[in-house]
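> what's the 3D shape of this:
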Amino acid sequence: MATFPLSTRPALLVAALACAALGAPPMVAQAAPVVQQQTQVPGFYRMALGEFEVTALYDGYVNLDTQLLKGASAEDIQSLLARMFVESGGGVQTAVNAYLINTGSQLVLVDTGAAQCFGPTLGGILGNIRAAGYEPAQIDSVLLTHLHPDHACGLLDEAGRPAFAAAQVHVPQVEADYWLSEAVAAQAPEGRRSMFAMARAAVAPYVAEGRLQVYGEAGPRIAGVSPVATPGHTPGHSAYRFSSGAHSLLVWGDIVHSHAVQFARPAVAIEFDVDREQAIATRRQVFADVARERLWVAGAHLPFPGIGHVRAEGEGYAWVPVEYAPLRAAP
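A predicted model of the protein is given here:
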């Protein structure tokens, strides 16, 4: 119990009696307001897939202009965004995710984020790998869904050195033939040539060290992993199916850029698609397959952690995100 010097007690008594007479509570010293915390939690989320451990990694976000979406009117797009309470005034905040899968015998990373290629709101993959309890040097294999900069630039650290000192980097043959070809780059529209240059720069140290593995139909030969050709967004765009026992997860890369629009309207494409019609056909097929099989899916541009299921709904589909849960073995 607090005590006060005798000399102060009369003054305190007078103040208390005055407050009581006026019907006011006694005066209490007010603490200074608590300073708000301006940092978010580390960007990782973990789940079990059979005997595998899957860790979603947040690289950051980019604001995408809604005018990049093609195949629906501006009014329809705004209506679909509003239906999902998605703000679009300064562009739609769009996540960039990667996925780290511990198979028990290998540590496999699917995509690497944008690193320094697209500004300060991106580049969090390496920090979030460490926050999740791993070190980049522990990763055995990097699988790239495609060679766009927001998936491949993270192969390099801030000093331009290989970020993954022990990893073999796997890229589909068709994808490598397109993005790593100077002849193809020379024929590309001028506005896209920088993307070819960034792709070549990202893999260059791995090529020099003999650690870029270009694979064909046989795939990257990693136990429990099967590549799935999903062309259109880029010529060699590929998803990766991870299977442990009866449990499977399809890490699908850029099948979807706008969850609020493209699940409901699979025919809406994005400006970055190399072959728009093929990308739409692929999206329709993937949606139908994963909804029928009730597969877990993980997407590079779905709201973090980007893991969930796809449900058929009306003439389109709906996204059903994973619920937060403790890490536990699947039944």
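> can you confirm residue 35 is in a helix?
No: under DSSP: H, G, I helix; E, B strand; the rest coil, residue 35 sits outside any helix and is assigned coil.
> Give me the neighbour count for it.
6 (other C-beta atoms under 10 Å). For every residue, glycine as well, the C-beta is placed using N, CA and C.
> quick one: pLDDT of it?
We have a pLDDT of 89 for residue 35.
> which stretches of the stretch 51-200 of the chain form strands?
52-64, 69-70, 92-102, 107-110, 141-143, 168-172 (DSSP state E, counting those that start in this stretch).
> would you list the ones you listed in JSON lines and tack on mean neighbour count?
Listed next are those as JSON lines, based on neighbours: other C-beta atoms under 10 Å:
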{"stretch": "strand 52-64", "mean neighbour count": "22"}
{"stretch": "strand 69-70", "mean neighbour count": "18"}
{"stretch": "strand 92-102", "mean neighbour count": "22"}
{"stretch": "strand 107-110", "mean neighbour count": "26"}
{"stretch": "strand 141-143", "mean neighbour count": "26"}
{"stretch": "strand 168-172", "mean neighbour count": "24"}
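> what's the closest of those to residue 269?
strand 69-70 (4.8 Å; C-beta to C-beta).
> helices and strands around the closest one, which ones?
In terms of contacts (3 or more C-beta pairs under 8 Å, 6 or more residues apart in numbering; DSSP states H and E), strand 69-70 is packed against strand 269-270.
> What are the buried residues along the helix or strand following the strand it packs on?
Using DSSP states H and E, the helix or strand that follows strand 269-270 towards the C-terminus is helix 276-293. Going by neighbour count (16 or more other C-beta atoms under 10 Å), the buried part of helix 276-293 is 276, 278, 279, 280, 282, 283, 286, 287, 290, 291.
> Kindly reformat the strands of the stretch 51-200 of the chain as TSV containing mean pLDDT and distance to residue 264.
Formatted as TSV, these follow (pLDDT from 0 to 100; distance: least, C-beta to C-beta, whole Å):
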stretch	mean pLDDT	distance to residue 264
strand 52-64	97	17
strand 69-70	98	12
strand 92-102	98	15
strand 107-110	98	26
strand 141-143	98	29
strand 168-172	98	30
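> can you tell me which residue is nearest the centre of the protein?
Most central in the chain under C-alpha atoms, centre = their mean is residue 97, positioned 1.4 Å from the mean C-alpha point.
> pretty sure that residue contacts residue 60?
No: under the criterion of C-beta atoms under 8 Å, residue 97 makes no contact with residue 60, lying 9.6 Å away.
> Residue 80 and residue 264, how far apart?
According to C-beta to C-beta, to the nearest Å, residue 80 and residue 264 sit 6 Å apart.
> Out of the strands of the stretch 51-200 of the chain, which gets nearest to residue 132?
Comparing the strands of the stretch 51-200 of the chain against residue 132 with C-beta to C-beta, the closest turns out to be strand 52-64 (5.1 Å).
> Can you spell out which helices and strands pack onto the closest one?
Judged by 3+ C-beta pairs under 8 Å, 6+ apart, the packing partners of strand 52-64 are strand 44-49, strand 92-102, helix 125-131, strand 238-244.
> tell me which strands and helices the last one is in contact with?
Using 3+ C-beta pairs under 8 Å, 6+ apart, the elements in contact with strand 238-244 are strand 52-64, strand 225-229, strand 247-251.
> Could you list the low-pLDDT ranges of the stretch 201-331 of the chain?
329-331 (pLDDT under 70).
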